[in-house]
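Asker: Task: produce atomic coordinates for the following.
(one chain, ligands or ions: 1)
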Amino acid sequence: MNQAIYSMTAKEAIFGRSSVRAYKKESIDRPTLNALLAAAVRAPTAMHGEPWQFVIVEDSKRLMRLSDLAKVSFVTEAARLHADRPGLKVFSEPDFNVFYDAPVLIVICAKSKGHFAVADCWLAAQNLMLAAHSMGFGTCVIGSAVAALNASDIKHELGIPAETTVVAPIIVGRPSGESHPSARNEPQVLAWR
Ligand SMILES: Cc1cc2nc3c(=O)[nH]c(=O)nc-3n(C[C@H](O)[C@H](O)[C@H](O)COP(=O)(O)O)c2cc1C
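Answerer: Predicted coordinates for the structure are as follows:
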């Protein structure tokens, strides 16, 4: 792996990352995508299970279609839960793309149903996002696509085995504008003992 592409300290990456929702049309080359995957699989993993698997989606037409399916399933599920959040309205807008026109979607999947398989995949996701940020790429978790990506016909289309579960869809691309870290509350420490 080309170490030179990492251009930040851990502190700069952790405190500088933010979700990116506007991307340039630039594609991402294979060595870069492989470097992101290599960072992902360095995450800690319970019982050394390494349950993660990855699907890389780069076809923009496919991403559009997946976005349309995700919007329908997200709105349906929200209605079922009687959720009435103002942010949900956008999912009914025809031009809204849940993947924000990013050139690449990396779908992190768990191949086992072990107790911590999902935790392992989220740790891999964070590694990937921090590595991407340190290389000048933007990322965003797209939780709203999880249900659609776990539908059996979509899993089949993406080459995801039936027993494998989609955990963390992450979009990646060159940011088209500036984004800044959002505010956080102070850590809530329950006790120092
Ligand atoms: C599990 C999870 C699901 C998320 N799903 C979405 C999503 O569907 N669409 C979106 O725009 N952002 C999504 N996000 C990004 C959050 O909105 C974002 O992380 C949060 O607002 C904090 O902002 P920051 O990432 O810039 O620090 C998700 C984040 C997480 C951790």
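
Asker: where does this structure have low pLDDT?
Answerer: 1-4 (pLDDT under 70).

Asker: chain center to stretch 6-23, what's the gap?
Answerer: 14 Å (Cα atoms, centre = their mean, to the nearest Å).

Asker: Stretch 124-144 too?
Answerer: Stretch 124-144 sits 7 Å away from the centroid of its parent chain (Cα atoms, centre = their mean).

Asker: what's stretch 55-69 in contact with?
Answerer: Applying Cβ atoms under 8 Å, 6 or more residues apart in numbering, the contact partners of stretch 55-69 are 27-28, 33, 96-99, 101-107, 109, 145, 148-149, 151, 154, 158-160. For the C-beta atoms, the positions are set from N, CA and C on the backbone; glycine is no exception.

Asker: Among those residues, name the buried ones.
Answerer: Listed as buried from these are 28, 33, 97-99, 101-107, 109, 145, 148-149, 154, 158, 160; burial here means 16 or more other Cβ atoms under 10 Å.

Asker: how close does the closest residue to the ligand within the chain get to residue 158?
Answerer: Nearest residue of the chain to the ligand (Cβ to the nearest ligand atom) works out as residue 143 at 2.7 Å. Going from residue 143 to residue 158 by Cβ to Cβ, to the nearest Å gives 17 Å.

Asker: can you check residue 38 too?
Answerer: The gap separating residue 38 from residue 158 is 21 Å, by Cβ to Cβ.

Asker: can you check residue 94 too?
Answerer: Counting by Cβ to Cβ, the gap from residue 94 to residue 158 is 24 Å.

Asker: do the same with residue 120
Answerer: Taking Cβ to Cβ, one finds residue 120 at 20 Å from residue 158.

Asker: Just give me the longest helix of the chain.
Answerer: Ranked by number of residues, the top helix in the chain under DSSP state H is helix 60-80.

Asker: Tell me which helix or strand the residue nearest to the spatial centre of the chain sits in.
Answerer: Ranked by distance to the mean C-alpha position of the chain (Cα atoms, centre = their mean), the top residue is residue 170 at 1.7 Å. Using DSSP states H and E, residue 170 sits within strand 165-173.
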